[in-house]
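Enquirer: show me the folded form of this:
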Amino acid sequence: MDQSFAIQEILPQDENCVIVSFIVRTKMFFVSLRCYDRLLGLVERTKEHALFVFTHRRMAITGEDVTLEDIFPISNDFAVVEVIKCILHDIYIGADTRVRLNFQDGELEVRLPFGSHSRLFLSEVNRAWNVCKSPKEAPKFEWLHKYRKASKGQGGIKQTLVPLGTAHTKISQHKKTGKPTALFVSLSVSTLPERLPLSHRAHCVHNRCKYKRLSCGPRSQGKVKREGWDELKREGRDDLVRQSSHTASNKATMLAMPQFGLRDNLVRCELLKNEDIYTYLENFSFFLGTYNVNGQTPKEGLRPWLGSTSTPPDMYCVGFQELDLSKEAFFFNDTPKETEWMKAVSEGLHPGAKYALVKLVRLVGIMLLFYVRNEHAKHISEMEAETVGTGIMGRMGNKGAVAIRFRFHNSDICVVNSHLAAHIEEYERRNQDYKDICSRLLFRQHDPALAPLAIMKHDVVLWLGDLNYRLSDLDVDNVKDLIAKKDFETLHSYDQLKRQIDEKAVFVGFVEGEIGFLPTYKYDTGSDQWDTSEKCRVPAWCDRILWRGKNVRQLHYQSHMALKTSDHKPVSSLLEIGIKLVNEESYKKTFEEIVRSLDKMENECIPSLTLSTREFQFKDVKFMQHQAETLTLHNDGQVPCQFEFIQKLDEPTYCKPWLTANPAKGGNMDIDLEVFVNRSTATELNAGRQQIEDILVLHLERGKDYFLSVSGNYLPSCFGSSIQTLCQLRDPIQEMPLETLRELTRTVIIDKPLDIPKEIWQMVDHLYRNAPKQGELFQQPGLRSEFVEIRDCLDTGMPDSLPGSNHSVAEALLLFLDALPEPVVPFSLYQQCLECCSNTSQCKKVVSLLPQCHKNVFNYIAAFLRELLKHSTHNNLDVNILATIFAALLLRSPTKQDLAEKRKTQEFFQHFLVQDLS
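Expert: From the prediction side, this is the model:
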């Protein structure tokens, strides 16, 4: 969640909070603070910038949650310097970013969370510093004077602030020149040292660590609190991971050396082909654990689960689901239980070794923790984390996955923790969740020129979680009878996951060990007794662990009945994985042979390609329906080829927004040209202002350019068409001549248009008749295949009634509203809605100003939602849920919407849900 919204609330109107970052830990005068106890905000006013330090509550949502503590102006004397410990000359890729902020008469060392947001924050600070250098007159920062004596009355501004310019510590001076250190913002630790050999890298680290030892300023004097001391001890343990680096044996290091330039990709490919020559396998143990904790707090130690192995594992990958079931966690991704369960895990690890936490990643209630033994930390690199929500419209995080990827020695490993759709009959929905996770979860690579990494592009994939697959075709008594006989083999034959894997519907290529333990769901909380509630759930193996890759052997696979906190039992698997290690001498010899061979080839040959075709035809393209054609490149030259699609003259990108080439650059011989029309491109295509036509320029490095023709036809859709246009269509949109549609987008043709678009009426009427008591309506996604049928029915008029489940129709309605080029409440009235959101009569007045067809749609949808609320005891809907979902669609902002605006739009729409205003 973006914390800048909360800070913006307490700033005057002419001051803007550009971006905010958490401070993970700080040194100097923040020495005793707890983790994430400060926010660092970049605030701008009339081209002057300053860094504001705030204390905050657990999750800053409004201005009342933050308290201003200090301000540091960004002047000409300002500098940001990356801090790297130089004891071991090691650099960790994937760690938190440690930086020192130098100000006039003072300096502050902070640690920012690892990730793209911290890099963006530092780049914005860098930009702000460049702005302050450009004016002829030095910035005066007169706008900051008011904060010196600010009272506590406004927002969360503290009663007393240290006066601006108060000395904290003396600014660092350059050893030789005596001048202030120049600004250096490290957006990625790998950008400088990883491109150098190990000896040069160590030299760079040594030089960059030549700073004076800082003395404690007034803020850090006195007795350090116990919690601060504990924090420092934890910081020391984490440093074992943060100092890890590539060794010279890692092929990525040599490949990044600048002297190889354009040949990097070829060398990389050849090294991969010959990897068996210079690598050997060594086994390491990975402990995988998964636990659905049903929103509970830790009530018992986790040692019986996490410390159950005879010897300490080398790695721990521990996944949780349903960490927090509160609405606050669902809507704001904020929960105190993250810290509670992380502490319980740290205390439950095997006592026979010391471990360091490498990464924590969480999406609502899905959390993954990755620990390694201290001695292995330096061999972890290229750490990345990503999340994917598969809830309604693919945006909600109550279901989905979190994942990490990393390189251990020379092996690439991916770990996924997922929570798939519930209910015994929803196995197809679970299958779709799995496929969505595989297609949408992509890891950024440190080299931005390389395409993102998919889950399956790793040597080993470890997948754990509450997959929610159940036992089919058996009633509860038969299941319990087989359990009593411990006939798990027969019982497993009814398992949905096993059947889906056998049918190759999901987890193709994955392996699961033999199940020899009781089903892990559902128990009465606090006991080993099967569910005795009214629903009497059929026991099932919901919690599973699978793997994909070579050289993996399972040592155990078991549940842990001793833990009774949840209605699930935790599961663990101990895997022995063969990791590729590098033989230094063999690697060096192989590398040199490849380089010599490449030198010879480059002297003799130039690149050349033959294309399988240069014309691509996409027929009957539809809204949100993917089409792809493959371009095959045949290398008819003597050297590998590098290609790139390049921009045409006066065009911002290499292709139209509905078209992508995958990959757009590289050395692959197969390129997928993909057409996908979404809400951002459908309107222009529906109106005929754009066509499925484009020319791509394929540039061959050190060779010639090839021109590819892309053409096709788009079938107009009600999705992405305006309300005014659809009200003039009495027939399905695809039965109308294209010229008529184009004319309708420019002017009104018929005298008596429909009151509302018939497509909205069809979807709402279907839900009104069939789904008033449907549970989780507008919260559980539908099936993609059913959406395709619903879209075609609305666009063609066939069949007469809408196909698909209630959930699919509900999601189609949301997608329809989301795709409107002009929302139901037009952009021109958006600001008025915000201004009158707390006044019912004023809200009603704004709605009366809507164009007639927009007003009809607004009132029709509001009336329908009020009908749904009459059945809230069955469908579990309430005003807050419906306002949150529909306000974002009916009242869209013409610009980026901040959190305060979102809340105002929800408040505006709630007036129309709690009473009849018609």
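Enquirer: mean confidence score for stretch 473-492?
Expert: Averaging pLDDT along stretch 473-492 yields 94.
Enquirer: and the contacts of that stretch?
Expert: The set of residues external to stretch 473-492 that reach it, using Cβ atoms under 8 Å, 6 or more residues apart in numbering, is 471, 494, 498, 515-519, 530, 536-539, 541. Quick note: C-beta positions are derived from backbone N, CA and C, even for glycine.
Enquirer: for Tyr494, what are phi and psi?
Expert: Dihedral angles of Tyr494 (phi, psi; degrees, to the nearest 10) stand at phi -100, psi 0.
Enquirer: wait, isn't it in contact with Ser472?
Expert: Yes. Counting by Cβ atoms under 8 Å, Ser472 is a contact partner of Tyr494 at 5.7 Å.
Enquirer: hang on, the earlier thing: filter the contacts of stretch 473-492 to the buried ones?
Expert: Neighbour counting with 16 or more other Cβ atoms under 10 Å marks 471, 494, 498, 515, 517-519, 530, 537-539, 541 as buried within the contacts of stretch 473-492.
Enquirer: tell me the centre residue of this protein?
Expert: Here the mean C-alpha position of the chain is nearest to the C-alpha of Thr387 (Cα atoms, centre = their mean), at a distance of 4.0 Å.
Enquirer: any idea which of the contacts of stretch 473-492 is closest to Glu684?
Expert: Out of these, the one with the shortest distance to Glu684 is Lys498. That distance is 47.5 Å, counting by Cβ to Cβ.
Enquirer: contacting residues for that closest one?
Expert: With contacts defined as Cβ under 8 Å, 6+ apart, the neighbours of Lys498 are His492.
Enquirer: run the chain-centre distance for stretch 591-602.
Expert: 41 Å (Cα atoms, centre = their mean, to the nearest Å).
Enquirer: on that earlier part again, does the residue nearest to the centre of the chain really touch Ile404, like I thought?
Expert: No. Using Cβ under 8 Å, Thr387 makes no contact with Ile404, being 10.3 Å away.
Enquirer: what do those two both touch?
Expert: With contacts taken as Cβ under 8 Å, 6+ apart, Thr387 and Ile404 have Val361 as neighbours in common.
Enquirer: what ranges do the strands span in the stretch 251-400 of the chain?
Expert: Taking DSSP state E, counting those that start in this stretch as the criterion, the stretch 251-400 of the chain carries its strands at 279-292, 315-321, 355-363, 366-373, 380-389, 400-408.
Enquirer: just want the angle from the last one to strand 366-373.
Expert: Compare the direction of strand 400-408 with that of strand 366-373 by axes from the mean of the first three to the mean of the last three Cα atoms, to 10 degrees and you get 20 degrees.
Enquirer: adjacent strands (with direction) for the very next helix or strand once past strand 400-408?
Expert: Using DSSP states H and E, the helix or strand that follows strand 400-408 in sequence is strand 411-419. Strand 411-419 has these partner strands in its sheet, going by DSSP bridges: strand 400-408 (antiparallel), strand 460-466 (parallel).
Enquirer: any idea of the angle the longest one forms with strand 315-321?
Expert: Right, strand 400-408. 170 degrees.
Enquirer: what's the average pLDDT for strand 400-408?
Expert: When the per-residue pLDDT values of strand 400-408 are averaged, the result is 96.
Enquirer: the helix or strand where Trp547 lies vs strand 460-466, what angle?
Expert: Using DSSP H and E, the element containing Trp547 is strand 543-549. Regarding strand 543-549 and strand 460-466, their directions subtend 170 degrees when assessed with the same axes, to 10 degrees.
Enquirer: check which residues of the next helix or strand after strand 543-549 are buried.
Expert: Next helix or strand after strand 543-549 toward the C-terminus (DSSP H and E): strand 552-559. Neighbour counts using 16+ other Cβ under 10 Å place 552, 554, 557-559 of strand 552-559 among the buried residues.
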